[in-house]
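Asks: Build me a model from this:
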Amino acid sequence: MSKRPATVLAAAVLVGLQGLVAVGGGVFVGVETALGLAVDPVSAIGVTVLALAGGAGMLVVARGLLLGDARSRAPAVLTQLFCLPVAWSLWQSEQPLIAVPLGVVAVAALVLVLSPPSTAWLARDFEREDA
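Replies: You can find the predicted model right below:
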């Protein structure tokens, strides 16, 4: 099973999109802070750094999924598990335009990364080591 399954490709795309959105949010907050528009500049700088670092990390995880690196699976799953309570909190804060897409993407990415074809393809290196 050397050909990358569609489930892994779709999961990598979703994780990559999440990474791009996080980086975009970090850039947006950073620019606002630099222009003096942030209400709390210290917090805004922290949000900028975390969003840029987290987004870059998600892009690395997406690349790892595409390359078949089994070590990318755990951070991809963990990221989605963190996104679900955030989506729920946004839903309760009456922010459905953000909550629904975030929740849908998180559930979809979880299903795709944990699907049997993804699991088998990402675990293929471990099978070869045992032989």
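Asks: tell me the contacts of the spatially most central residue of the chain?
Replies: Centroid check for the chain by C-alpha atoms, centre = their mean gives V15 as the closest residue, at 4.0 Å. Going by C-beta atoms under 8 Å, 6 or more residues apart in numbering, V15 touches 58, 61-62, 65, 76, 79, 109. Just so you know, the C-beta spots here come from the backbone N, C-alpha and C atoms, and that holds for glycine as well.
Asks: Low-confidence bits of the protein, can you list those?
Replies: 1-2, 125-131 (pLDDT under 70).
Asks: At which residues are the helices of it located?
Replies: According to DSSP state H, the chain carries its helices in the segments 6-34, 41-67, 73-92, 96-114, 116-122, 124-130.
Asks: just the angle between the first one and helix 73-92, please?
Replies: When you say that, I think you mean helix 6-34. Interaxial angle of helix 6-34 relative to helix 73-92 (axes from the mean of the first three to the mean of the last three C-alpha atoms, to 10 degrees): 60 degrees.
Asks: what angle do helix 6-34 and helix 96-114 make?
Replies: Helix 6-34 runs at 140 degrees relative to helix 96-114, counting by the same axes, to 10 degrees.
Asks: what about helix 6-34, distance to the chain center?
Replies: Distance of helix 6-34 from its chain centroid, counting by C-alpha atoms, centre = their mean, to the nearest Å, is 7 Å.
Asks: Quick check: buried residues in that helix?
Replies: 7-8, 10-12, 14-16, 18-19, 21-23, 25-26, 29-30, 33 (16 or more other C-beta atoms under 10 Å).
Asks: Most widely separated two among the contacts of V15?
Replies: L65 and T79 (11.5 Å; C-beta to C-beta).
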